[in-house]
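Trainee: Mind folding the following:
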Amino acid sequence: MPADLRLRHAGDFVERAENILAFGLPGRGKTHPLCGIGRERIDRGYAVLFTPAYRLVQRLLVAKRALGLEKELRRVDAFDVVLIDDIGYVQQDREELEVRFMFLSERYERRSVLC
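Mentor: Now for the predicted structure:
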């Protein structure tokens, strides 16, 4: 395991509200180590949400259309870590990109995201 990943695996990234991004071609095993990090956080008492990118975006879109986006963002913000699977593989229209941006900007420097 690379030294940088070992440091992040120690859990300090959550207290510092840092994010972990995994890059690579499809099917190369990015999700597995991120889930391991997420599982470690759960074992240490953190609240972790694992969600595919499309599901998170759809959840936020439904809330936005029902005029409840802020409430839904607060609900998701209750998690110390949100692990978003396949964030780079989903083609999204403008409205979908907008809610994803709102989600990420709301968490920026306050809560951790793994993707």
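
Trainee: drop to CA atoms for contacts and neighbour counts, all remaining ones
Mentor: Will do.

Trainee: for the helix or strand Glu106 falls within, packing partners?
Mentor: With elements taken from DSSP states H and E, the one containing Glu106 is helix 94-107. The contact analysis (3 or more C-alpha pairs under 8 Å, 6 or more residues apart in numbering; DSSP states H and E) places helix 94-107 against helix 53-65, helix 69-77.

Trainee: Of these, which stretch is the most buried?
Mentor: For those, the largest average neighbour count (mean count of other C-alpha atoms under 10 Å) is found in helix 53-65, namely a mean of 17.

Trainee: Select the helix or strand of the protein having the lowest average pLDDT value.
Mentor: Here the helix or strand of the chain ranked lowest by mean pLDDT, DSSP states H and E is helix 3-9, holding a mean of 52.

Trainee: in the helix or strand just after it, what counts as buried?
Mentor: As assigned by DSSP H and E, the chain's next helix or strand after helix 3-9 is helix 12-15. For helix 12-15, burial by neighbour count (16 or more other C-alpha atoms under 10 Å) applies to 13-14.

Trainee: Give me the contacts around helix 12-15.
Mentor: Helix 12-15 is contacted by residues 19, 80-81, 111-112 when judged by C-alpha atoms under 8 Å, 6 or more residues apart in numbering.

Trainee: low-confidence ranges in this protein?
Mentor: 1-11, 89-90 (pLDDT under 70).
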